[in-house]
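K.L.:
fold the following.
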Amino acid sequence: MPKRLLVRTASALVMAPVALGAAWAGGWWLAGLLALVGTYATIEWNRMTSSAHAALSILNAVVFILAGISFVGQGVAVALLFLGAGASLAVIVGILTRTGPLWPVLGLLYLGSAMIALLWIREFAGWVSVLWLFVIVWATDIGAYLSGSLIGGPKLVPRISPNKTWAGLVGGCMLAAILSSALLFWHGEGWARAVPLALLVLLGLLLAVGSQVGDIVESWIKRHFKVKDSGTLIPGHGGILDRIDSLVFIAPFVAVSLFLIGEYGIPLNG
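P.N.:
Okay, the predicted model is just below:
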């Protein structure tokens, strides 16, 4: 096994139990982990987009903590209110510190909305729905790596992410569709039991594509700012943002979709 893959696997084995444990426990545990991860990810985002400043880091930490506390204590509306207020303040801070308001605000809204989406999914659709998202992201990564390495072939977006291939995209999507639909077919509750198996496979496939798009979007931003990785915190992976880019991209779409399913009278959990 290549050394980089060995290090990458070891890092994943350390991080996965923490993420799974917090998602299973839900409530304050998940809110606390997401506040910590979200704060650090926004710091990496601001560094990556050349808009880092101590005032923005403090503001982001306060927003993520208050959004987490308010979600658990008051609900999603108050959490979104804090996120909106934080984005407004980020505009002012960005102007006053001359870092520019655009990228700090985009980063705060992008990562903050994903944090609230994950908390909402865990609260209203249950732990298995969060696990389903993890399986899609992780299976897409693993399937893409294996099929891309073994098959190779034409590049997917060579100017943005030179290592991605069409074979990797197909392999990642197929593995994610199979594993995620199998999880919901055997262990899903609520909304998952109301959805036919063929649609569960299609959902896994579409979200796997979304997962790849999230990865490519971050790659485009890094290339735009001439940065290789968002950070160096995680051996073999780069920064926190490099590890969660796919999850951050698809979580809000899933939360909105589940909300609409619930509006049609289908129970989301239980």
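K.L.:
what segments of the stretch 101-250 of the chain are helices?
P.N.:
Secondary structure of the stretch 101-250 of the chain (DSSP state H, counting those that start in this stretch): helices at 102-125, 127-151, 166-187, 191-194, 197-224, 240-263.
K.L.:
closest one to Ala79 among those helices?
P.N.:
Closest to Ala79 of those is helix 102-125 (C-beta to C-beta; 5.1 Å). Every C-beta, even on glycine, is put in place using the N, C-alpha and C of the backbone.
K.L.:
about what we covered before: which stretch among the helices of the stretch 101-250 of the chain comes nearest Ser70?
P.N.:
Ranking the helices of the stretch 101-250 of the chain by proximity to Ser70 (C-beta to C-beta) places helix 102-125 first, at 9.7 Å.
K.L.:
buried stuff in the closest one?
P.N.:
Across helix 102-125, burial judged by 16 or more other C-beta atoms under 10 Å covers 103-108, 110-125.
K.L.:
now the residue of the chain positioned farthest from its centre, nearest residue through space, not along the chain?
P.N.:
Centroid-distance maximum for the chain: Leu96 at 30.2 Å, with C-alpha atoms, centre = their mean. Leaving aside its sequence neighbours, Leu96 sits nearest to Ala55 (C-beta to C-beta, 6 or more residues apart in numbering; 7.8 Å).
K.L.:
Trp24 too?
P.N.:
If you skip the residues right next to it in sequence, Trp24 has Trp127 as its closest partner in space, 5.3 Å away by C-beta to C-beta, 6+ apart.
K.L.:
so where's the stretch 151-270 of the chain shaky on pLDDT?
P.N.:
270 (pLDDT under 70).
K.L.:
who's in contact with the nearest residue to Ser50 once chain neighbours are set aside?
P.N.:
Distance criterion C-beta to C-beta, 6+ apart; nearest residue to Ser50, sequence neighbours excluded, is Phe225 at 6.0 Å. By C-beta atoms under 8 Å, 6 or more residues apart in numbering, the contact set of Phe225 is 48-50.
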